[in-house]
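**Q** got a sequence here, can you build the structure:
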Amino acid sequence: MNDELFLMDPQRVPFSRRESWLCVSFLSEDGAFWLRNLRGGDEHTDLGRLFRLTPVDAAGQALQGAWRLSPEALSFYSEAGYLALAFADADTLAIACHGIALSLSLQSKRYDYAQRRPDALHISCASQDLSARLTLAQGQWQLDAPWQGQRAERIECRLLPDAQGQARAALHLYRVQPLRLDGPGFEAAQQSAAADFAAWLALCPPVPPELQAARQLAAYITWSCLVPAEGQLAYPAMYMSKNWMTNIWSWDHCFNALALGAAQPERAWQQLALLFAHQHASGRLPDFVNDRFAYWRFTKPPVHGWTLGQLRRMAPEFWTPERCAQAYGWLAAQVESWMASATENGLPAYDHGNDAGWDNATSFLPGTPLQSPDLSCFLILQMEELAALATRLQEPQAAQQWLQRADALFARLMAKLWDGERFVALCEGGAPAEPGADSLIAFLPLILGPRLSEAQRQTLLQGLLAPGRFLSPHGLATESQQSPFYRADGYWRGPIWAPTMLLFVDAMDRCGRADLGDELARRYTAMAARSGMAENFDAQTGAGLRDPAFTWTSSVFLLLGQRLLSRQQESVAAQELVDVE
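**A** So this is what the prediction gives:
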């Protein structure tokens, strides 16, 4: 099977368009494709179901056939004919049928109804706070929507082909007034979407030839998972997925920003600003944000200084003194919020695994608050970035103070959480560590690179790379494969995750082992090229797990693929130099 067709599987990857709240996705519990409204976050009513889309024959019987997905169209093929859908814009779905019909069935609830109007069919989708306007350019429709006093008992509209076997229509969704009254043609809609995606693809990081099909998928997922600025979202936001992880979390956004940082620095900045626009007066960031609300009970780890330093190196001309001053305020306040959690020994702590981003990692089994070494490491890096920003802003005294604070925190980290052979997590008054628990999170201090001694780096690398422990043919397991707590689909107790892979690749560079970083990048990108851009992966088989179309997975794939391409280009250049000599 063609790699691109396999990866662009419409039963795993939703069909959408840049900055749209709409998508068409397959819901396995129904065994059907639905047009969905993604407003309201991942706990929104009924996953935002609007219309169930069913290809049918003239008698209304469901047809068997195959669905195919491309960035510009979602198509269905059967022996009787075919149909295709294309997003003409963020709110309008163009429909073309050839020889077969399409049933659009609304899951009718309170106050839903349908009305025939002179130029269109109007459908009230009250539970989604939306109206739908269906216009017909060719063919005919058949409406079944019996009125029951307050709502329609059911609502089904069949789009039927004409005598020539053709039907053309457009479905426009809106809140108060329609944004367009015309019915856009299918071919124009398809061309518009194709051109928009091509422009996005051209800006995505390049990868080696063998990864091109996966690059197309990763680019499509990041492009299609953007939603528009609305409500609590001050800028267009790259959601984690348009399957069901429909929020923007406060560390996920960093990894997506990094993939945008070189070619689209303004959009990268927006991904950071989306969360910092909600920063509490204490400096804390919410756990996640969507168009309707920010969720505060948890937060996420402070990887933002680490992120910002890389973004500034990617596009130095974009990071003007004004931008740097803004970022300085964000990061400084965030540091203070975390340092406020420090206990008497001066180390900050997580209140829950969710705050670390490693929700159920075994390091949290003894209890909380947990002084986990990764937290102090991220804050040390953030203090170093604050020092760099202060220098950029011509504030040498502030820069010196941040470096002194970073040094002091590092000293406390080594005194309290380094036992001479490994880093440990400390829960004062909690239960003892579970025998056999062995989380990858304890090796994240490698990201401090030269702050660690050569002996410490070598000890940690030996543990990280010990046969059968964390390193698998596909990357780094989040729990030792020898641990009694390891589970193939254990979330943060086994599977490979994109953010940890990027963090550890950077850690290898900082430790002077770029060769190991390259090998991790090769394993991860090869796995993603085979299995797609899943939320996480089985460490031993490489199979995708959980949400099958995730943006930070796509972004990390693009970044690591670009790294491998750069290595190939460097090797070719070096060989050419040798040949010349």
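**Q** for the rest of this, base every contact and every neighbour count on C-alpha atoms.
**A** Fine.
**Q** test my guess that residue 64 contacts residue 76.
**A** No - contact between residue 64 and residue 76 fails when scored by Cα atoms under 8 Å: they sit 9.4 Å apart.
**Q** which of those two has more residues huddled nearby?
**A** Neighbour tally, residue 64 and residue 76, criterion other Cα atoms under 10 Å: the higher count belongs to residue 76, 20 against 14.
**Q** separation between the more buried one and residue 145?
**A** Residue 76 sits 26 Å away from residue 145, going by Cα to Cα, to the nearest Å.
**Q** same question, residue 161
**A** In terms of Cα to Cα, residue 161 sits 20 Å off from residue 145.
**Q** cool, and residue 283?
**A** 52 Å.
**Q** quick check: residue 457 touching residue 446?
**A** Yes - in this structure residue 457 lies within contact range of residue 446 using Cα under 8 Å: 6.7 Å.
**Q** for these two, indicate the residue with more neighbours.
**A** residue 446 (26 against 21).
**Q** what sits against that one?
**A** By Cα atoms under 8 Å, 6 or more residues apart in numbering, the residues touching residue 446 are 452, 457, 460, 504, 507, 508, 510, 511.
**Q** what do you get for residue 162?
**A** 138, 139, 140.
**Q** so it is in which element?
**A** Following DSSP states H and E, one finds residue 162 outside all helices and strands.
**Q** how about the helices of the stretch 351-500 of the chain, start to end?
**A** 353-356, 373-392, 396-417, 454-465, 498-510 (DSSP state H, counting those that start in this stretch).
**Q** to clarify, my last question referred to the chain.
**A** Taking DSSP state H, the helices of the chain run over residues 3-7, 186-203, 212-224, 252-260, 265-276, 304-314, 321-339, 353-356, 373-392, 396-417, 454-465, 498-510, 514-531, 551-580.
**Q** make JSON lines from the ones you listed and add mean pLDDT and distance to residue 56 to it.
**A** Listed next are the helices of the chain as JSON lines, based on pLDDT from 0 to 100; distance: least, Cα to Cα, whole Å:
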{"stretch": "helix 3-7", "mean pLDDT": "65", "distance to residue 56": "24"}
{"stretch": "helix 186-203", "mean pLDDT": "98", "distance to residue 56": "20"}
{"stretch": "helix 212-224", "mean pLDDT": "98", "distance to residue 56": "28"}
{"stretch": "helix 252-260", "mean pLDDT": "98", "distance to residue 56": "40"}
{"stretch": "helix 265-276", "mean pLDDT": "98", "distance to residue 56": "42"}
{"stretch": "helix 304-314", "mean pLDDT": "98", "distance to residue 56": "50"}
{"stretch": "helix 321-339", "mean pLDDT": "98", "distance to residue 56": "54"}
{"stretch": "helix 353-356", "mean pLDDT": "98", "distance to residue 56": "45"}
{"stretch": "helix 373-392", "mean pLDDT": "98", "distance to residue 56": "55"}
{"stretch": "helix 396-417", "mean pLDDT": "98", "distance to residue 56": "64"}
{"stretch": "helix 454-465", "mean pLDDT": "98", "distance to residue 56": "55"}
{"stretch": "helix 498-510", "mean pLDDT": "98", "distance to residue 56": "41"}
{"stretch": "helix 514-531", "mean pLDDT": "98", "distance to residue 56": "32"}
{"stretch": "helix 551-580", "mean pLDDT": "88", "distance to residue 56": "34"}
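**Q** and those as CSV, adding distance to residue 14?
**A** Formatted as CSV, these follow (distance: least, Cα to Cα, whole Å):
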stretch, distance to residue 14
helix 3-7, 12
helix 186-203, 15
helix 212-224, 8
helix 252-260, 18
helix 265-276, 22
helix 304-314, 28
helix 321-339, 34
helix 353-356, 27
helix 373-392, 34
helix 396-417, 44
helix 454-465, 36
helix 498-510, 20
helix 514-531, 16
helix 551-580, 12
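**Q** wait, which of the ones you listed is closest to residue 83?
**A** Between residue 83 and these, the tightest spacing by Cα to Cα is seen for helix 186-203, at 10.8 Å.
**Q** show me which residues of that closest one are buried.
**A** 186, 189, 190, 191, 192, 193, 194, 197, 198, 200, 201 (16 or more other Cα atoms under 10 Å).
**Q** got it, and stretch 244-256?
**A** Of all the residues in stretch 244-256, those buried under the rule 16+ other Cα under 10 Å are 244-256.
**Q** measure it end to end?
**A** In stretch 244-256, first residue to last residue: 18 Å (Cα to Cα).
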